[in-house]
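> Sequence first, predicted model second:
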Amino acid sequence: MNRTDNRRMSSIARQINLSFWVKRLGAIITMDIIIVGLIFATYFVWCEKSVGGDVVLENGIEVTTSEDIRSRHFESEGSQFEAVYVIEMNDGEEYRFYMYEDLEIVIPAAIVLGVFQFLHLIFSAFGTSGIRRKLKPLNELAKRAEYMSNMAFDYNQYNAAKFEQLEHAIENISPDSPDAVVSTGDSELASIEIALNNLLKHMRESQLQQARFVSDASHELRTPIAVIQGYVNMLDRWGKEDESVLNESIEALKSESEHMKELVEQLLFLARGDSGRNHLNKVEIDMSEIMREVWEEATMIDEKHRYELVDNTDATAKQYFIGDVAMIKQSARIFLQNAAKYSPEDSTITIKVQQRDGRISYIIQDEGIGMNEADLSHIFERFYRSDKARNGETGGSGLGLSIAKWIVDAHDGVIDVLSRTDLGTRFTVSFDAVSKAE
C-alpha cells in the first residue's frame, strides 16, 4: 500500500466515528428542541392565565375559563417581523402579547446553555481522540484486509476467502455493543480473533474511562454554570435599579468564572497529558532547594497554618534527580494546598526532604482530618473527593491530586500515602537519585 492508502480511514473506523458524532449531535439537538418546546408551552399557558374573563374558583384559586376565549392567532408588527400572540375574548376584548419582549429573559439562559454544550463537545472530542489512538492498530488491520480482499487472488482463492471472511466478521461488529466479539468460526483464524478481541476489550475500557471523564467534567461545570445563570436572572430582574444586587452579582460572576477557568485549565492539562503533549524540560534538580522555595511561598501565602521545613539530606553527599523544576514544584504545591485545605487553623504542616537507598524524597505531612482506607484507594481518581471533603468551605475540583499523580508518574516517581482519620495524612514522593554531574 502507498502512503495515501495508509492515511485513509477504513469502513469500520468511519462507522464508529460517524455513529459516535451522530449520536452526540442528535442528543444535543433533541435536548434543545425539548427545551424550546417547554419554554413556548409555558409561555402560552401563562398568556392564557393572564387574560381577563369570567373568574371561577378552582381549589381556592381564581382562574379564567377557556370558554371565555373566542380565538387565538399570531400577528406581526413593525418594519421588522415581531411576533405578537393575540387572544380574543367572547366579549370582544383583545389581549396582545409581544413574544420578543416577554421571552427576552430567556436569552441569558440560552447563552449559558450554548456554552455548556460547546464545552461538552470539546470534552467529547478529547474522548474520541483517545478512542482513535486505541483503534489505530485495528484500523490498520482493517485497511490491510480491505486491500488484500481487493487483490486478484487467482493463484490462491482459498486465502482470499479467508481474508474476506475475517473482514466481514470485523465489519459486522456493532461499535455500541459491549459484548460484541470478532468470530469467524474458523480455527485457522483463531489467533487473529484473540488478538482483535483483546484489542476491542482495551478499546472499550478506554472508551468507558473517557465517557466517565466527560460525564464528571460536565457535572463539575454544571454547578458554576447554574450559579452564573441564577445571578444573570437576578441582574435582569433587579440589578438595573438595585446597586447592592448589582455589586453582589458582579462579585459572584467573577468568582464563578474564575472557578470555571481553573477547572478548564486543569482539564486541558490532563487531556494534554493523556495525549502525550505535555512537554517536560528535565534538568538536574536539588530537592532541598526546590522544597525551600515551596516552603517560603507557603509561609507568605498562608498565615493560618505553621509550616516547618526539615532537611535530612547529607550536605557532604547530597544526591540529585532529573526532572522538570516547574512540574515538581507544582506537584508539591498541590499536596501542600491539600494539606492546608483539610487541616485546622494554627496546626503544623511539615515539609521534609530525605535521601535513602538511592532515592530522594519530599514528604508533606499535616495534622488534618485524615482519610479512611476506602478513600485512600480512590484519592488519585479524577473528580474524586471523600464525603468529608464535599462541603462548601473546602471547595476544589477534585483534580489536584490527579494532576500531581500524573506529574510524579511522568518522572517515574512513586507516591506513598499514610493517613489516619482525625490524625492527619502524610504524602511521600520519591524519585531515583543520581550523583552530581561534574
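The structure has been received and is ready for your questions.

> wait, what's in contact with I403?
Q266, F269, L270, Q330, S331, I334 (CB atoms under 8 Å, 6 or more residues apart in numbering). Glycine gets a C-beta too; all of them are placed from N, C-alpha and C.

> What is the subsequent helix or strand relative to the helix or strand containing it?
Assigned by DSSP states H and E, I403 belongs to helix 400-410. Heading C-terminal from helix 400-410, the first helix or strand you meet, by DSSP H and E, is strand 414-420.

> Other residues contacting that next one?
Residues from elsewhere that reach strand 414-420 (CB under 8 Å, 6+ apart): 370-372, 376, 379-380, 404-405, 408, 425-430.

> Other residues contacting the following helix or strand past that strand?
Downstream of strand 414-420, the first helix or strand assigned by DSSP H and E is strand 424-432. Strand 424-432 has contacts (CB under 8 Å, 6+ apart) with 287, 321, 323, 331-332, 335, 339, 342-343, 358-368, 370-371, 408, 411-419.

> Pull out the buried residues from those residues.
Listed as buried from the contacts of strand 424-432 are 287, 321, 323, 331-332, 335, 339, 342-343, 360-368, 370-371, 408, 411, 413, 415, 417, 419; burial here means 16 or more other CB atoms under 10 Å.

> Return the subset of those lying in helices.
Counting by DSSP state H, the buried ones among the contacts of strand 424-432 place M287, S331, A332, F335, A339, V408 in helices.

> In TSV: those, plus distance to E94 and pLDDT.
Output for those, formatted as TSV (distance: CB to CB, whole Å; pLDDT from 0 to 100):
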residue	distance to E94	pLDDT
M287	81	92
S331	70	93
A332	72	94
F335	70	94
A339	69	93
V408	72	94
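
> Please render those as a markdown table that adds distance to T350 to the earlier fields.
Shown next, in a markdown table, are those (distance: CB to CB, whole Å):
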| residue | distance to T350 |
| --- | --- |
| M287 | 15 |
| S331 | 17 |
| A332 | 13 |
| F335 | 12 |
| A339 | 9 |
| V408 | 19 |
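
> Those residues: which two are farthest apart?
Greatest spatial distance in those: M287 and A339, 18.2 Å, computed using CB to CB.

> Tell me, how many residues neighbour F118?
9 (other CB atoms under 10 Å).

> ok, now which ones touch E241?
Contacts of E241 (CB under 8 Å, 6+ apart): none.

> What of D346?
D346 makes contact with K304, H305, R306, according to CB under 8 Å, 6+ apart.

> Assign a three-state SS to it, would you?
On the three-state scheme (DSSP: H, G, I helix; E, B strand; the rest coil), D346 is labelled coil.

> picking up where we left off before, would you mind listing the buried residues in the helix holding I403?
Within helix 400-410, the residues scored as buried using 16+ other CB under 10 Å are G400, L401, S402, I403, A404, K405, W406, I407, V408, A410.

> Distance of the fifth one relative to I107?
The reference is to A404. The gap separating A404 from I107 is 41 Å, by CB to CB, to the nearest Å.

> How about the last one?
Counting by CB to CB, the gap from A410 to I107 is 45 Å.

> what do you get for the fourth one?
In this structure, I403 and I107 are 36 Å apart, going by CB to CB.

> what does G185 give?
Applying CB to CB to G185 and I107 gives a distance of 60 Å.

> What of E251?
23 Å.

> Kindly report the same for I250.
Taking CB to CB, one finds I250 at 19 Å from I107.

> same check, this time on E297
Using CB to CB, E297 is found at 44 Å from I107.

> D274 too?
Distance from D274 to I107, by CB to CB: 36 Å.

> Now E164: which helix or strand?
Here E164 sits within helix 157-171, counting by DSSP H and E.

> ok, now which ones touch E297?
So E297 contacts R333 (CB under 8 Å, 6+ apart).

> For this protein, which segments count as strands?
55-58, 61-64, 69-76, 83-89, 94-98, 282-285, 306-311, 321-324, 348-356, 359-365, 414-420, 424-432 (DSSP state E).

> of all those, which lies closest to F40?
Nearest to F40 among these is strand 83-89; the distance by CB to CB comes to 9.8 Å.

> Adjacent strands (with direction) for the closest one?
strand 69-76 (antiparallel), strand 94-98 (antiparallel) (DSSP bridges).

> mind exporting it as PDB, just the C-alpha atoms?
These are the backbone C-alpha positions of strand 83-89, laid out as PDB (Å, rounded to 0.1, in the frame of the first residue of the first chain):
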ATOM      1  CA  ALA A  83     -44.400  38.100  16.600                       C
ATOM      2  CA  VAL A  84     -47.500  39.000  18.600                       C
ATOM      3  CA  TYR A  85     -49.700  36.400  20.200                       C
ATOM      4  CA  VAL A  86     -53.300  37.600  20.100                       C
ATOM      5  CA  ILE A  87     -56.100  36.300  22.300                       C
ATOM      6  CA  GLU A  88     -59.700  37.500  21.500                       C
ATOM      7  CA  MET A  89     -62.400  37.100  24.100                       C
END
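
> Check what contacts stretch 186-195 and list those residues.
Contact partners of stretch 186-195, identified using CB under 8 Å, 6+ apart, comprise K162, Q165, L166, A169, V181, V182, S183, T184.

> first vs last residue of that stretch, how far apart are they?
In stretch 186-195, first residue to last residue: 15 Å (CA to CA, to the nearest Å).

> Over to stretch 228-245?
14 Å.

> Would you quantify the distance from the closest residue to S430 other than its chain neighbours to Q319?
Closest residue to S430 apart from its sequence neighbours, by CB to CB, 6 or more residues apart in numbering: S361 at 4.2 Å. Using CB to CB, S361 is found at 10 Å from Q319.

> hmm, back to that, for the residue nearest to S430, give the beta-bridge partners.
Judged by DSSP bridges, the bridge partners of S361 are Q354, S430.

> I figured it hits Q355, correct?
Yes - between S361 and Q355 there is a contact at 7.3 Å, judged by CB atoms under 8 Å.

> joint contacts of those two?
Common neighbours of S361 and Q355 (CB under 8 Å, 6+ apart) are M287.
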